[in-house]
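Trainee: mind looking at a prediction? Sequence and model below.
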Amino acid sequence: MYGKKVKLRLTFLIVLILSLGLTIYLVLVSLKENVVYFLSPTEIKALSELKKDKIRIGGMVKKNSINVNNDKIIFVITDFKNEINVTYSGLVPNLFQENKGVVAEGFLKDKNYFKAVKILAKHDENYMPPELSNQKGDK
Amino acid sequence: MTFNFIGNYSVIISLFLSFAIFFRTIFRLKNLNELIKIDLKKLIFFQFFFILVSFICLLILFINSEFSNITVYYNSHTTKPFFYKVSGLWGNHEGSLLLWLLILTFINFLYFSRSYNRPTKERLLTVIFQQIIIFGFTAFLIFTSNPFNEIFPSPKEGLGLNPILQDPLLAIHPPILYLGYVSTSIIFSSGLSSLVMGNVNSNWAFHIKKWILCSWIFLTGGILLGSIWAYYELGWGGFWFWDPVENISLMPWISLTALLHCVLVLEKRSSLGSWSIILCISTFTLSVCGTFLVRSGILNSVHTFANDPERGLYILIFLFFIIFLSLVLYFFYEDKLNFSNKSFGLITKESHILINNWFLMYFLSVILIGTIYPIFLEVISNQRISVGPPFFNKLIIPFLIPFLIFMSLGPNLGWLSSKKIEKKIILLTFFIINLFLSFFILKIIGKVKLLTLLLLAANFYLFFTTVKDFLKKGYKNFSQTVSHFGFSLLILSIILNAIFSKEIIANLKVGEGLSFENNQIIFKKIETSSGPNFEKIVGVFIIKDKKKIDTKFMPEVRIYNQPEVITSEAFIKTSIFKDRFLVINPVKDKTYFNVRYQEKPLMVWIWISTILIMIGGCINFLRNEK
């Protein structure tokens, strides 16, 4: 027969492997559900079908495109090739200005219309969504 | 000019000193009988001294606004207030690295002069490992991010510090956090050397506990400061966003917390030795890993000072070297960790500590995966994604329930074995009472959900057991009681805060108003004035609450001149029960303002409970509790 010590170690090992497996499974499942994809207006134009999930759009706020009323802000995000109309009601970050980089999170209604639920704050005044930095130079 | 010169060469001298100490120590290791203790201590002191000199040089350059220095040019401005000229030193990559190095050499000196009671060989080995780390960071500073580079001709005016960093809390946040990060290097070096020497025993545990506590207290404090800052400066009104940079500071904290508890078992029962060593290694690795992710520009945030792939690559190589070194040492010397292998029963203190260590490791891996998975995916498939709060909340909150229960049970059990059956019954009934209590509370609120119910019950359980412990045992294990009580208070405040937070967001013109629940928010007027290096727009709001009491709220928008950046200063009315939070933002041409009003219950208790957790650590540190 095996000693008590071996038995203990074996139980320990089994528990360890089981909990590790459970962890990995849980993490992978939740990752699948909670991931948000990041697209540019051009990539949205190229989509074959509309995504129903929450996505993020990065680009520039087009000049003279911001329109405000009491409960909504309407503006256009452009990547200098394509653009998309965005409506948003909620908190805007300090650096939300025309001709500045912006990242909006929300849902696509169609290929020209995006309903944002969150506009992300970028701390850096020189921040530029990656797809634009190639075109305009970093700083 | 001269300060640039002195500063630059001081760093280079200390790099050479690093060599000298390294070889001197190896020589000493071979000839242990030789009595040359003094000269090693002197060398280590001089290493710290020269870094201090160069730090002071850079400080003088910043205070005098000498823009011939590139670092000063990029990060300072003559109109900046004195305080922020000083904090501008570590508000950038090069300067913060010098601060890191200063603390590293200081801690190294402190360790060496405070560890006479340890075996000489172990001390010398620790010094060698420390020197490898110091050498790595000094070389990194000199070759990739020298703060003493000059520009010619020297500019008249600097570019200024990112205004969002011009804040008293954020000025002291980096030094505190760095103290925590850098102290983990001693834990790492000492852990490795005691592993090599086969000294992993309760004596070592007692010795290293001080360093773990010290690091843990500063890390907690640093995270707290950053969190409070984010609350009032970023205008989001929350205290934790699961942002990658926040996660990165939380990971070493979790690992350190696990280590702190493990070391207790090692001290009392001489077991869990090899697990403690693994935690020593992982804590420091996570700290360096955090530096890598933050400094390399992979994560975009306020902490990312420059996107320089060379720097990232350097830290990555250094990181791999450290991990490789420690793994090799671990596998070669692991068999030296011969413990009596006393197995322990399930219902003992040590088993509960071990179980909660597992939970902590689980939280750690969830955060690690959530933070680095997007980076990997981008490298592999060029898809950009982000992992948000729902991911972390979903995977962490349910597991807090057993975690809290084990946390309340553990301290009530004995080491080795507990045989008092009647005690178990008391503990069980106690839990059931708490379950009912939480149910009634949630019923009154009208938000009964199974998860919240269980979480609240588990938390009340911890809350009341710590109170009971205090009443019964008094000042015995006082530090643990305080910290655990603080933790339960923290979770309680977070739960209630999440349930009761209310907010409204609208775009308003001057003169307009809106109603919110029973409150009436009126936007009276805007006033403009100027501060030292910014113009400010103050919005004057009157909020009538249901008792018809008027409260004046004056949130600000600051327009900094250099660099030209707009920041909002939220106006927060804090009381014991709730925070009222108002922040404004100009949307277009300053006619419309984006207004956000929030009521956040128990906000102040989140900070207080975190301070309590820290105080628990301080008490243990000062009292030398066994």
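Mentor: Perfect, I can see it now.

Trainee: what's the helix or strand B:Ser194 falls within packed up against?
Mentor: Element membership for B:Ser194, per DSSP states H and E: helix B:168-197. Counting contacts by 3 or more CB pairs under 8 Å, 6 or more residues apart in numbering or on different chains; DSSP states H and E, helix B:168-197 is packed against helix B:82-87, helix B:93-113, helix B:120-144, helix B:202-233, helix B:244-269, helix B:273-295, helix B:309-333. Placement of C-beta: from N, CA and C, glycine included.

Trainee: now these as CSV including distance to chain A, mean pLDDT and mean neighbour count?
Mentor: What follows is the helices and strands packed on helix B:168-197, written out as CSV (distance: least, CB to the nearest CB, whole Å; pLDDT from 0 to 100; neighbours: other CB atoms under 10 Å in any protein chain shown):
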stretch, distance to chain A, mean pLDDT, mean neighbour count
helix B:82-87, 16, 89, 18
helix B:93-113, 13, 92, 22
helix B:120-144, 18, 92, 20
helix B:202-233, 10, 92, 22
helix B:244-269, 10, 91, 23
helix B:273-295, 12, 87, 24
helix B:309-333, 13, 86, 15
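
Trainee: picking up where we left off before, average pLDDT for the helix holding B:Ser194?
Mentor: The average pLDDT within helix B:168-197 is 92.

Trainee: likewise for stretch B:459-470?
Mentor: 89.

Trainee: what does it rub up against?
Mentor: For stretch B:459-470, the surrounding residues in contact (CB atoms under 8 Å, 6 or more residues apart in numbering or on different chains) are B:404-405, B:407-409, B:411-412, B:427, B:430-431, B:434, B:437-438, B:477-478, B:481, B:484-485, B:487-489, B:491-492, B:495.

Trainee: can you flag the buried ones in these?
Mentor: B:404-405, B:407-409, B:411-412, B:427, B:430-431, B:434, B:438, B:477-478, B:481, B:484-485, B:487-489, B:491-492, B:495 (16 or more other CB atoms under 10 Å in any protein chain shown).

Trainee: sitting in helices, which of these do you find?
Mentor: B:404-405, B:407-409, B:427, B:430-431, B:434, B:438, B:478, B:481, B:484-485, B:487-489, B:491-492, B:495 (DSSP state H).

Trainee: which SSE is B:Thr71 in?
Mentor: Going by DSSP H and E, B:Thr71 is in helix B:70-75.

Trainee: show me what that helix is packed against.
Mentor: So helix B:70-75, by 3+ CB pairs under 8 Å, 6+ apart, packs with helix B:37-63, helix B:93-113.

Trainee: avg pLDDT for it?
Mentor: 86.

Trainee: also stretch B:605-625?
Mentor: 90.

Trainee: how about that stretch: buried residues?
Mentor: Applying 16+ other CB under 10 Å to stretch B:605-625 flags B:605-610, B:612-614, B:616-621 as buried.

Trainee: give me the contacts around the biggest strand by length in chain A.
Mentor: The residue-count maximum for a strand in chain A (DSSP state E) belongs to strand A:101-110. Contacts to strand A:101-110, defined as CB under 8 Å, 6+ apart, come from residues A:36, A:38, A:44, A:50-61, A:77, A:86, A:88, A:96, A:114-120, A:122, A:127-129, A:132.

Trainee: measure A:Val35 to chain B for me?
Mentor: With the distance defined as CB to the nearest CB, to the nearest Å, A:Val35 ends up 5 Å from chain B.

Trainee: my read is that that residue contacts B:Val387, right?
Mentor: Yes - look at A:Val35 against B:Val387 with CB atoms under 8 Å: they come within range, at 6.1 Å.

Trainee: the two: which has the busier surroundings?
Mentor: B:Val387 (22 against 19; other CB atoms under 10 Å in any protein chain shown).

Trainee: OK, contacts around that one?
Mentor: So B:Val387 contacts A:Leu31, A:Asn34, A:Val35, A:Val36, B:Trp242, B:Gly370, B:Thr371, B:Tyr373, B:Pro374 (CB under 8 Å, 6+ apart).

Trainee: report all helices and strands that the helix or strand just after the longest strand of chain A contacts.
Mentor: From strand A:101-110 onward toward the C-terminus, using DSSP H and E, the following helix or strand is strand A:113-119. Using 3+ CB pairs under 8 Å, 6+ apart, the elements in contact with strand A:113-119 are strand A:83-88, strand A:101-110.

Trainee: between strand A:113-119 and strand A:83-88, how many degrees?
Mentor: Orientation of strand A:113-119 against strand A:83-88 (axes from the mean of the first three to the mean of the last three CA atoms, to 10 degrees) gives an angle of 50 degrees.

Trainee: gap between strand A:113-119 and the chain center?
Mentor: Remark: strand A:113-119 is offset 11 Å from the chain centroid, using CA atoms, centre = their mean, to the nearest Å.

Trainee: do the same with stretch B:56-75
Mentor: 28 Å.

Trainee: then stretch B:324-331?
Mentor: That offset, for stretch B:324-331, works out to 27 Å (CA atoms, centre = their mean).

Trainee: could I have it exported to CSV, CA atoms only?
Mentor: Output of stretch B:324-331 as CSV, limited to C-alpha atoms (Å, rounded to 0.1, in the frame of the first residue of the first chain):
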residue,chain,number,x,y,z
PHE,B,324,16.0,32.7,-15.8
LEU,B,325,18.5,33.2,-13.0
SER,B,326,15.9,32.7,-10.3
LEU,B,327,14.5,29.6,-11.9
VAL,B,328,17.9,28.0,-12.4
LEU,B,329,18.7,28.7,-8.8
TYR,B,330,15.4,27.4,-7.7
PHE,B,331,15.7,24.1,-9.5
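
Trainee: name the residues that touch that stretch?
Mentor: B:Ile132, B:Phe188, B:Leu192, B:Leu195, B:Val196, B:Ile277, B:Ile278, B:Ile281, B:Thr285.

Trainee: ok, stretch B:97-111 next?
Mentor: Under CB under 8 Å, 6+ apart, the answer for stretch B:97-111 is B:11, B:14, B:44-45, B:47-48, B:51-52, B:54-55, B:58, B:89-90, B:126-127, B:130, B:133-134, B:137-138, B:140-141, B:145, B:147, B:174-175, B:178-179, B:181-183, B:185-186, B:190, B:211, B:291.

Trainee: follow-up on the earlier one: would you format the helices and strands packed on strand A:113-119 as CSV with mean neighbour count and mean pLDDT included?
Mentor: Converted to CSV, the helices and strands packed on strand A:113-119 look like this (neighbours: other CB atoms under 10 Å in any protein chain shown; pLDDT from 0 to 100):
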stretch, mean neighbour count, mean pLDDT
strand A:83-88, 20, 90
strand A:101-110, 19, 85
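
Trainee: save these as JSON lines, and put in distance to B:Thr528 too.
Mentor: Conversion of those to JSON lines gives the following (distance: least, CB to CB, whole Å):
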{"stretch": "strand A:83-88", "distance to B:Thr528": "27"}
{"stretch": "strand A:101-110", "distance to B:Thr528": "27"}
